[in-house]
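Chemist: what follows is a protein structure lacking sequence information:
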């Protein structure tokens, strides 16, 4: 069973569209994250939720809106997609906000045309 | 400001040869240091971590890393590389709490027969 699963694996869309990426973890973890990995492989945190509560919100355009319906899910909705949003988005989880061990999903490759 | 530098973008080694991947960090507090590995199409997997104590830490898959405070470095080593070690390696620094992790830009490892 996949510990952290995100869908879709690939997403190709046109500029201006709205899209969502879903993430689920079955590890019973309290804390979940979204990271963005750009074309230069640089991995940067975007958001972190702990028990459905937002605890980290880095400098990210407000077109990006995370939603956590429960602690096992952290979805990422992106409005008005731009070319620069093309990247691989990784979801991750950790046991709690003090636990340094992150479990990553396999990534969603987003291509904006 | 917190940052992680991996000066080698790409390294090629022969199978059986030794390996050292460099990592330098800048962090305002006591650093907690990590190495992650990313195989093609996969998420990141934690190789090892350093919090305190013995500055030479052992990880999975035969990897080790040495923390040198005077040099602000946390280099990853392996005595004998296997073809399956070909992957992208990321160094990260962060606080034990607060879920803030800063990743380097990664070093891509190619292993030749």
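Modeler: In hand now; what should we look at? Keep in mind that what you see is a predicted model, and the values were worked out from it rather than measured.
Chemist: ramachandran angles for the residue positioned nearest the centre of chain B?
Modeler: By C-alpha atoms, centre = their mean, the mean C-alpha position of chain B lies nearest to residue B:35, the distance being 3.5 Å. With angles defined as degrees, to the nearest 10, residue B:35 shows backbone torsions of phi -120, psi 130.
Chemist: count of neighbours near the closest residue to it other than its chain neighbours?
Modeler: The shortest distance from residue B:35 to any non-neighbouring residue, by C-beta to C-beta, 6 or more residues apart in numbering or on different chains, is to residue B:47 (4.4 Å). Glycine gets a C-beta too; all of them are placed from N, C-alpha and C. Counted with other C-beta atoms under 10 Å in any protein chain shown, residues neighbouring residue B:47 total 23.
Chemist: so what's residue B:47 up against?
Modeler: If you count contacts by C-beta atoms under 8 Å, 6 or more residues apart in numbering or on different chains, residue B:47 has them with B:34, B:35, B:36, B:37, B:59, B:60, B:61, B:63, B:65, B:76, B:89.
Chemist: kindly list the main-chain dihedrals of it?
Modeler: Per-residue torsions, residue B:47: phi -90, psi -50 (degrees, to the nearest 10).
Chemist: what's residue 25 in contact with, if anything?
Modeler: Going with chain A. With C-beta under 8 Å, 6+ apart as the criterion, the residues that contact residue A:25 are A:3, A:4, A:5, A:32, A:72, A:73, A:91, A:93, A:103.
Chemist: wrong chain, I was asking about chain B
Modeler: B:2, B:3, B:4, B:5, B:31, B:33, B:72, B:73, B:74, B:91, B:93 are the contacts of residue B:25 under C-beta under 8 Å, 6+ apart.
Chemist: got those residues as TSV, with secondary structure columns?
Modeler: TSV is the format used below for those (DSSP: H, G, I helix; E, B strand; the rest coil):
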residue	secondary structure
B:2	coil
B:3	strand
B:4	strand
B:5	strand
B:31	coil
B:33	strand
B:72	coil
B:73	strand
B:74	strand
B:91	strand
B:93	strand
